[in-house]
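Participant: Take this sequence and fold it.
(one chain, ligands or ions: 3)
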Amino acid sequence: MKIMDEVMKMHVGGKLETGLKNPIRSMEDLSKVYTPGVAKVCQAIAADQDKAYEYTIKKNSVAVVSDGTAVLGLGDIGPKAAMPVMEGKAALFKQFADVDAFPICLDTKDTEEIIAIVKAIAPTFGGINLEDISSPRCFEIEARLKQELDIPVFHDDQHGTAIVVLAGILNALRVCNKDIKNVKIVVNGIGAAGIAVSKMLLHAGAVNLIGVDRQGAINRAVHYDKPHWSEFALITNPHLEIGSLSEVIQGADVFIGLSAPGALKLGDVKRMAADPIVFAMANPTPEIDPEIAGPYVKVMATGRSDFPNQINNVLCFPGIFRGALDCGATEINEDMKLAAAEAISSVINASDLHETYIMPNAFDPRVVERIREAVIRAALKSGVARIVMGERVTTSSLI
Ligand SMILES: NC(=O)C1=CN([C@@H]2O[C@H](COP(=O)(O)OP(=O)(O)OC[C@H]3O[C@@H](n4cnc5c(N)ncnc54)[C@H](O)[C@@H]3O)[C@@H](O)[C@H]2O)C=CC1
Ligand SMILES: CC(=O)C(=O)O
Ligand SMILES: [Mg+2]
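Facilitator: Ligands and ions are numbered 1, 2, ... in the order given. Alright, predicted model coming up:
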């Protein structure tokens, strides 16, 4: 009760405010930061659009955009109720990576309208972080914005989550002495996060990965109305397993939950292979209580800040945007994502790796720094960095 009161108290008046880089103390200062002085700066940008990066907040700013339809695991709670999460994401951007992020919650669920609004606000920002937009609309929204904007567009629930899960799995498998190529992985909840996580694990070498949603294992022998499931079925479940989570979990080495509270039962955990790995990542309440599953698993992780092994996209989005903004990246591509995942897992030295320490702490300053460096290197190598050797090159020379 006391903690809940403190939580509410920390939200009174919101979690953010704006600040000034240069104090405005006199009429002389006023005439510089505002009219008439500011006109000269506007004209410089009008003559050369890239100067917006030099003379405005664009260089360091990210819009955290949500329509409030898949807020954590709370579902479609609307744009106003989504604000505390989006303010929280913005606060974490600032705290961990000194990125100036703005929460923007939209009162529309219309795909075309969301695309049009984000395109219209894009001149202000150096990047767009899409957050808690439900599947399947999130796929179209992100794909179109990536195509139509020349700044990074990143759906955090897909890619931020995929990056942290891959980092966590690489380390958890090391602890268990298992090889990603040989393990059986069950992903529960085939939405935005579940699909992106699965694709990233397959890209990293996983073979036997089975996706499960409410009606059971996703299987290419079945016809789905949802095109994203048909596509998913083609690349997963090589042995065409069928049945409920309780059935396909038999013999699994890894369970990854991106679904809903309580979806995994203790009996399911007991049917897994020896030394099982359980990532119960639904927020705020995981698929299984870590205190209940803990004694039966080798590695237990959740998305929460109050248990060991937090697997949460907070370990990724500050660093990946820090890197992308610092090199003026036009996009966040697959090479940059893979580099970020490897950077996160590399923070933990082999000698420190342990079943309750597979992921670095969000406060570990090495996390953002390592991701930033790795992401910049990958952006330069893949030709999407606009700042090369400290010099800004024009977008048109890159795309
Ligand atoms: N720890 C972390 O960093 C992250 C955790 N998440 C969590 O993952 C969950 C899903 O998020 P999104 O993919 O963005 O939402 P989404 O709405 O795109 O997908 C959720 C999917 O889970 C399925 N589902 C719901 N209940 C289920 C059940 N009992 N069994 C099997 N499938 C079930 C839904 O049918 C849907 O396909 C949420 O709880 C969210 O908090 C998401 C992103 C990051
Ligand atoms: C962590 C996060 O982004 C989510 O649960 O939706
Ligand atoms: Mg989210």
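
Participant: quick check: domain ranges of the protein?
Facilitator: Taking automatic domain parsing as the reference, the chain has its domains at 32-151, 159-302, 332-397.

Participant: Show me the one of the ones you listed that comes nearest ligand 1.
Facilitator: Ranking these by their distance to ligand 1 (criterion: C-beta to the nearest ligand atom) puts domain 159-302 first, at 1.7 Å. (C-beta placed from N, C-alpha, C; glycine too.)

Participant: Name the stretch among the domains of the chain that sits most buried.
Facilitator: Among the domains of the chain, domain 159-302 has the highest mean neighbour count (mean count of other C-beta atoms under 10 Å), at a mean of 20.

Participant: quick one: is it near ligand 2?
Facilitator: Yes - applying C-beta under 6 Å from any ligand atom, one finds domain 159-302 touching ligand 2 at residue 283.

Participant: Can you get me the centre-to-centre distance for that domain and its chain?
Facilitator: Relative to its chain's centre, domain 159-302 lies at 18 Å (C-alpha atoms, centre = their mean, to the nearest Å).

Participant: Quick check: residue 119 vs residue 146, distance?
Facilitator: Computed as C-beta to C-beta, to the nearest Å, the residue 119 to residue 146 distance reads 12 Å.

Participant: same deal with residue 159?
Facilitator: Going from residue 159 to residue 146 by C-beta to C-beta gives 11 Å.

Participant: same deal with residue 364?
Facilitator: Computed as C-beta to C-beta, the residue 364 to residue 146 distance reads 30 Å.

Participant: Kindly report the same for residue 294.
Facilitator: According to C-beta to C-beta, residue 294 and residue 146 sit 40 Å apart.

Participant: cool, and residue 291?
Facilitator: Counting by C-beta to C-beta - residue 291 and residue 146 are separated by 41 Å.

Participant: By residue count, which helix of this protein is the longest?
Facilitator: In the chain, with assignment by DSSP state H, the single longest helix is helix 79-97.

Participant: Quick one: residues in contact with that one.
Facilitator: Residues outside helix 79-97 that contact it (C-beta atoms under 8 Å, 6 or more residues apart in numbering): 11, 14-16, 62, 64, 66-68, 71-72, 74, 99-107, 129, 131-132, 156, 314, 317-319, 321-322, 362, 367-368, 372.

Participant: can we see that at 7 Å?
Facilitator: 11, 14-16, 62, 64, 66-68, 71-72, 99-103, 105-107, 129, 131-132, 314, 318-319, 321-322, 362, 368 (C-beta atoms under 7 Å, 6 or more residues apart in numbering).

Participant: now check that helix, is it near ligand 3?
Facilitator: No - Helix 79-97 lies out of reach of ligand 3 by C-beta under 5 Å from the ion, never closer than 6.9 Å.

Participant: That helix: what's the following helix or strand?
Facilitator: The helix or strand immediately downstream of helix 79-97 is strand 100-105, counting by DSSP states H and E.

Participant: Quick check: pLDDT value at the residue most central in space within the chain.
Facilitator: Geometric centre of the chain, nearest residue: residue 160, 2.2 Å, by C-alpha atoms, centre = their mean. We have a pLDDT of 98 for residue 160.

Participant: who's in contact with it?
Facilitator: Neighbour list for residue 160: 313, 316-317 [criterion: C-beta under 7 Å, 6+ apart].

Participant: how about 10 Å then?
Facilitator: 89, 129, 131, 154, 193, 196, 312-318, 320-321, 332, 337, 340 (C-beta atoms under 10 Å, 6 or more residues apart in numbering).

Participant: Return the residues in contact with the nearest residue to it once chain neighbours are set aside.
Facilitator: Closest residue to residue 160 apart from its sequence neighbours, by C-beta to C-beta, 6 or more residues apart in numbering: residue 313 at 3.2 Å. Neighbouring residues of residue 313 by C-beta under 10 Å, 6+ apart: 89, 92, 129, 131, 156-165, 193, 281, 303, 320.

Participant: In strands only, show me those residues.
Facilitator: Residues of the contacts of residue 313 located in strands (DSSP state E): residue 129.
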